[in-house]
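1. what's the 3D shape of this:
(chains A and B)
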Amino acid sequence: MKKFQVWGNAAAAVLSAILTLVPSLEADDSLHKVWAVRDCRLVLPTGPALEKATIVIRDGLIEAVGKDVAVPPDAEVIDGSTLTAYPGLIDGLGKSLLKLPEEKLDMLKFYTGEFSDKDKGLTPEFKAYDYVNLGKATFEKYYKFGFAAVQVMLDRGILAGRSAFFSLGDTDKAKALIPAASCLGIGFSPSGVQAYPNSLMGVQAYLKQLFQDSAYYDMNLTRWLKEPAGIHRPDYSPSLEILADYATGRKPVIFLCRNQNDIRRALALAAESKLDYFICDSGNEAAEAIPELKKAGARVLLAVTFKAPSSSLYAQKGRAERDRAEKEIYPRNPARLAEAGIPFAFSSLGTDDPKSFTEGILKAVEAGLPKDKALAALTSVPSAFFGLEKVLGAIEPGKLANIVLAEGELLVKDPKVKVVFADGRKWEPKDTAGKTGEKPAVNVSGKWEITGEGFPKLTVEFVQEGAELSGKMVTPFGVFEFTGGSVSGNDISYEMNIAVGGQDIDLYISGTVEGETTRGTIVQGTSGSTEYTAKKIPN
Amino acid sequence: MKTRSTIAMIGLLAAGMTVTSAAADKPLLLRNGNIITVSGETLAGGDVLIRDGKIAAVGKGLSAPGAATIDLAGRWVMPGIIDSHSHIALEGDVNEMGDLITSEVDVRDIINPNDLNIYYALTGGVTSVHTMHGSANPIAGRGIVLKLRWGGSAEDLIFKGAPVTSKWALGENPKQSNFSAPGKPRYPKSRMGVEASIRLEFEKAREYRRKWREYERALDAGRARKGRRPSPMPPKKDLRLEGILEILDGKIWVRCHAYQSEEMLSIMRLCKEYGVKLACFEHALEGYRIAEELARDGVAISTFADFWGYKWEAYNTMPHNAALAAGKGVLVALNSDDAERMRHLFNDAAKTVRFGGMPEIEAIKTLTINPARIMGIDKWVGTIEPGKDADLAVFSRNPLDPFTVCQMTIVDGKVLFDRDGYLADRKKAEEAGKAKDAEKKAPKGETPGGEV
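-> Residues are numbered from 1 along each chain as shown, chains lettered A, B, ... in the order given. Have a look, this model is predicted:
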């Protein structure tokens, strides 16, 4: 590996320096290969798993699947005899891949009262695609729990903006995007600024009017384009132009529901305005609205936070009652929906990182949700919801090679994921055998100063709890936090994602501790690596 | 939801009142109480028979084979209290402050049937409430009448048949004079302006209707010509103006927040001019000054017993307001405007007897048949007479006695609150909790076969 110039590059970007140093990517040897997974246990959408199956992957797609499938001569063979193959899991709706520009509150507005649509939470033009940040380190967090696809959407405001669907194979978002219908997020949260609508009831009234206006705009324009004689053209409106697709049911909206009352409000709006829609149950109360959901034939995206909303009786009755409900009642929400036959997929909203998301799903399983239903809610259901049933959600010929090979079950607390194919790209966890599991021989908690060639001086502050390492790094470009690092024997390793001058950089840092000094390597994504020395700063 | 009815049932079996048997569909006989019927005499040692959620009979010595019986042992029964001005059971802000006129907004969209204040209201004998938009706007959103069917859904809570209301506000609040909003001051900044903004909206709504009529005529004309020309474009639907049209057509009843007599008189003239149904002034602390005019025009007031002086427009009054206005023939209701005050409105009614010398039965009416008439629900509630909904409040003493306590509240014939039962249930739960704690503290070695 060559030395990288990321810090120089970042500084250049930040300081608008003269030099432009583009980190050159190494050839990505994981792409456009042919693989054959042999003798694996294959999990099917329904029924028992297929034993001793072979899966052939070519050019990013699944070529063949079955017991008697021949291994092509050009295939690299993976011995699957100890592995179970699952379709890559899908996060039906999440926001953790978004990286939004930091915004300063313009205090002047609170004097002038001139709030923009954005201040009011009315941003139909917002596209998740524009703000998504895909990086290898982020992908790995998903892979570790078997996730290979995510629908990304911002979840704030009244018109939250539009979603984008990604297969987590390529960090180039243009390549990672799956062109599914982009959903429009609709929330019931008024902005809190002194502008219409700023109450919950106002939001409901506003939305009723807005859908009518959008449909009217669409009708007016359609009629005018067909026969302009005798008709006034509509005044052009960029937002109505976007909303027209949703108001006429051509594209689906996602209602972000914080409690069961929001769900009923959403169903009423959807029925009145004849929308194509999904209910996102962020408040984990969809089970309280089963008759209504059933009657409406609604499709649900379920969050797994299991927090009692403040409107609930439990939250009003005090801490003890709320805690009890959050332990005993809310985790039953998915199981109750499954029993009622309401179709649902899981959403990571509120849990946000794949680890907590998985923990939430397992809580639902413990509370009575059958595992096959949980798996369906992460595979076949979301793919069907968003019109991707021929692309994702099962290991079948012709579909994207989004496949997880695990030792044993995937839906467990610490799944043993051995290989992930995401969009045909192969990923394996870094071989840490012999390293992890070893008891930490050091405690690195405290501040360290990192120096090395080609990057500015950095300070890292570690928090070590047992073998777990977290902390923050102070750089000239800002402070970046990290979690999920580990200490094993005298070795430490951690990874982090930093944003420098509009560029997102994944760093993998490892080292060996000797007293007050640590020596090791910083790997920057796929661009290269450099050596560093860290000295403990005395307390 | 189940726990609540269990609590009520357990309660019935507890001390104080005795129940022979109880089942949801069975008739219920309340025996041997002082029945304040409001519609007629107060019966000492009277009975009320409830069947299918309705009052079947009121009298002395009633018998009903197979009925569940509650022996009131001389307790007092009055019609369930009706609070004509409240903001409970709503989620989110009760004011849409973002615009001057918000007639498109509807509190029906934000009913929260799990608001604990509903249950608290039952503990004070309240069985129906008018819950409404706040007073930030000259013409604000729609309000709704709820029957406190605790445990039911939002839809269950809605008092079927009750007219929808429109909340208006005059004076300091719509002028936004008691708080500062950012930006340019919102029009209007004067009382004249508040009234003008209402008139202006009426005219806009009339213009809107004209446009639709024109369109309909053009459509008819087009049909007559058998489609030789493309059909005309319809006007754009405007939910705000459609809300105003409902007011102009008298479909919804106006409930107008006001303090000062002058602005009340002025808005009464405006409503007459446009043929608007002005049902009631809210607060109306200066109502006693224009009692004749209010009585003449049939405009009611919904007021406080002794709450005033909290801003300059609320000074010119006294606790005699209700009695003075009622004495001149004004329909008067006492209201809470507050979830806490709602739980002891009967105390407020008693104050009108103390201040202003209102006859006791008239004081009871300010919480029952009067608000029922103001809210257009007097066909169903407000008195204890056969055929009406079995909405009742049982008190330990005369409801106007300062030491009285609400013991039981019945809605549609169902006991939704029972104090004795609630207390017994709570005691049980406390004891169970203690027993559990004691178990935890027991030494570990006692576990059978317990060797670890």
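2. From residue B:150, how far out is the residue nearest to residue B:67 when sequence neighbours are not counted?
-> In this structure, residue B:67 finds its nearest non-sequential neighbour in residue B:27, 3.9 Å apart by Cβ to Cβ, 6 or more residues apart in numbering or on different chains. Quick note: C-beta positions are derived from backbone N, CA and C, even for glycine. Distance from residue B:27 to residue B:150, counting by Cβ to Cβ, to the nearest Å: 22 Å.
3. How about the contacts made by the closest residue to residue B:341 other than its chain neighbours?
-> Distances taken as Cβ to Cβ, 6+ apart place residue B:348 nearest to residue B:341, at 7.3 Å, with adjacent residues excluded. Shown in contact with residue B:348 (Cβ atoms under 8 Å, 6 or more residues apart in numbering or on different chains): B:304-306, B:334, B:341.
4. now do residue A:257
-> Contacts of residue A:257 by Cβ under 8 Å, 6+ apart are A:188, A:263, A:265-266, A:279-283, A:285-286.
5. Give me the distance between the two termini of stretch A:169-187.
-> 30 Å (Cα to Cα, to the nearest Å).
6. What residues of it count as buried?
-> Buried residues in stretch A:169-187, counted by 16 or more other Cβ atoms under 10 Å in any protein chain shown: A:169-171, A:173, A:176-178, A:180-187.
7. how about the residues of chain B near chain A?
-> Selection of chain B residues close to chain A by Cβ under 8 Å from any Cβ of the partner chain yields B:90-99, B:102, B:104-107, B:109-112, B:114-116, B:133, B:141, B:154, B:181-184, B:229-230, B:233, B:236-240.
8. and stretch A:319-339, average pLDDT?
-> Model confidence over stretch A:319-339, given as mean pLDDT, is 96.
9. what sits against the nearest residue to residue B:91 once chain neighbours are set aside?
-> If the residues on either side of it in the chain are set aside, residue B:91 comes closest to residue B:112, at 4.2 Å by Cβ to Cβ, 6+ apart. Taking Cβ under 8 Å, 6+ apart, we find residue B:112 in contact with A:261, A:311, B:89-91, B:154.
10. For ChimeraX, what selects the buried ones among the residues you listed?
-> This is the ChimeraX syntax for the buried subset of the contacts of residue B:112, where burial follows 16+ other Cβ under 10 Å:
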select /A:261,311 /B:89,90,91,154
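11. With respect to residue A:402, which of the contacts of residue B:112 is nearest?
-> residue A:261 (36.8 Å; Cβ to Cβ).
12. wait, doesn't that closest one sit right on residue B:110?
-> Yes: under the criterion of Cβ atoms under 8 Å, residue A:261 makes contact with residue B:110 at 7.3 Å.
13. Pull up the overlap in contacts between those two.
-> residue B:91.
14. Straight-line length of stretch B:80-93, end to end?
-> So stretch B:80-93: terminal residues 28 Å apart, Cα to Cα.
15. How far away from the center of its chain is it?
-> Here stretch B:80-93 is found 5 Å from its chain centre; the criterion is Cα atoms, centre = their mean, to the nearest Å.
16. now swap in stretch A:310-318 and tell me
-> Counting by Cα atoms, centre = their mean, stretch A:310-318 comes out at 30 Å from the chain centroid.
17. same deal with stretch A:285-305?
-> 22 Å.
18. Against residue A:463, how distant is residue A:445?
-> 6 Å.
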